[in-house]
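# have a look; sequence and predicted model below, questions after that.
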Amino acid sequence: MTLTTTKLAKIDVTKPLQLADGTPVAFARRSHMSMDGYEVIIKPNTTGREVGQHRHFRADGIHVHSTLPNLQNVLEATLDTSKPLQTSDGKPVTFVGKLEDGRLVVQVGYGSAFSRTQATELRFADGRKSAAVGVTSGDDVIVKVTKTEKFRNVYADGTLGTTAHKTEEAARQNVKFGKVRIGILKQVFEDGTLVDARMVPLTPTYRNRGVTVRNATREDFAR
């Protein structure tokens, strides 16, 4: 039987480090326990200063005694903090700064717009609250999504109004002359990309020569 092993990437101790569970750590020196020169020593660095005992890891990040999570480089920052931010579930976020270990300092708004409190919190470089691979939550920080809505009249001949109104009420008040309006198409865009569309059925309406006819008929449409 042939055993297959996967070689882990070598840790770059010149860059910010953390454990696989997200605990930030700091490189101290090469390990005196190392037989091949590939082990490193790190210290927990959760309070901005080195505390606790030295821990020994191989160059590929495996803990020597296999009792701690693997050592890894902090994820490269993918969050553009120069843009407006929010949490994944919509809470407002203000970027404050960045720590030496790569984590982000942010202020998160909780509560309603009328009664909101600000909490200073930490996020990892990619905006996530958890460093665990594949784990996401509503508290993850993302670039704020710009959401817009457009409303177009839908006519009985299968055509759409050429004007995209900002509100449904504006669309209701602007029926094209000589056509029977049967509904309004509501379109929702996020950062310019269409994400949802639905038709709001309305009582057929015909408008011509300043006269608006509700419950319009085919005869009205033919005028």
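The structure has been received and is ready for your questions. Numbering: from 1, shown residues only.

# check which helices and strands the longest strand seen in the chain sits against.
When the chain is parsed with DSSP state E, its longest strand is strand 193-208. The helices and strands touching strand 193-208, judged by 3 or more Cβ pairs under 8 Å, 6 or more residues apart in numbering; DSSP states H and E, are strand 180-190, strand 211-214, helix 218-222. In short, each C-beta sits where N, CA and C put it, glycine included.

# who is the nearest residue to A119 once chain neighbours are set aside paired with across the strands?
Using Cβ to Cβ, 6 or more residues apart in numbering and skipping the chain neighbours, the partner closest in space to A119 is V108 (5.2 Å). Beta-bridge pairing for V108 (DSSP bridges): V93, A119.

# okay, now V108: neighbour count?
By other Cβ atoms under 10 Å, 19 other residues sit near V108.

# how near is it to K147?
Going from V108 to K147 by Cβ to Cβ, to the nearest Å gives 20 Å.

# nearest to the spatial middle of this protein, which residue is it?
Geometric centre of the chain, nearest residue: I142, 3.4 Å, by Cα atoms, centre = their mean.

# partners of the host helix or strand of it, with directions?
Taking DSSP states H and E as the criterion, the element that holds I142 is strand 141-143. Using DSSP bridges, the strands paired with strand 141-143 are strand 85-87 (antiparallel).

# what's the mean pLDDT across the strand it pairs with?
Strand 85-87 shows a mean pLDDT of 94.

# then stretch 185-202?
92.

# got the domain ranges for this structure?
What automatic domain parsing lists as the domains of the chain is 17-73, 85-143, 147-222.

# quick one: which of these is nearest I11?
Closest approach to I11 among the domains of the chain is made by domain 17-73 (5.1 Å; Cβ to Cβ).

# what distance separates the start and the end of that closest one?
By Cα to Cα, to the nearest Å, the extent of domain 17-73 from end to end equals 5 Å.

# any low-confidence regions in this protein?
By pLDDT under 70, the low-scoring segments of the chain are 1-9, 31-54, 75-77, 132-134, 209-223.

# V188: how many residues sit nearby?
Using other Cβ under 10 Å, V188 has 14 other residues around it.

# before we move on, what about Q18?
Neighbour tally, Q18, other Cβ under 10 Å: 24.

# might one say that it is in contact with A131?
Yes. Between Q18 and A131 there is a contact under Cβ atoms under 8 Å: 6.2 Å.

# what's the overlap in contacts for the two?
With contacts taken as Cβ atoms under 8 Å, 6 or more residues apart in numbering, Q18 and A131 have F124 as neighbours in common.

# any idea what N73 is bridged to?
In beta-bridge terms (that is, DSSP bridges), N73 pairs with L17.

# what's near enough to touch it?
11-12, 15-18.

# among those residues, name the buried ones.
For the contacts of N73, a burial check counting by 16 or more other Cβ atoms under 10 Å picks out 11, 16-18.

# in a markdown table: those residues, plus distance to F95.
Shown next, in a markdown table, are those (distance: Cβ to Cβ, whole Å):
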| residue | distance to F95 |
| --- | --- |
| I11 | 28 |
| P16 | 18 |
| L17 | 23 |
| Q18 | 20 |
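
# and these, which is closest to T162?
Among the buried ones among the contacts of N73, P16 lies closest to T162 (Cβ to Cβ), at 53.5 Å.
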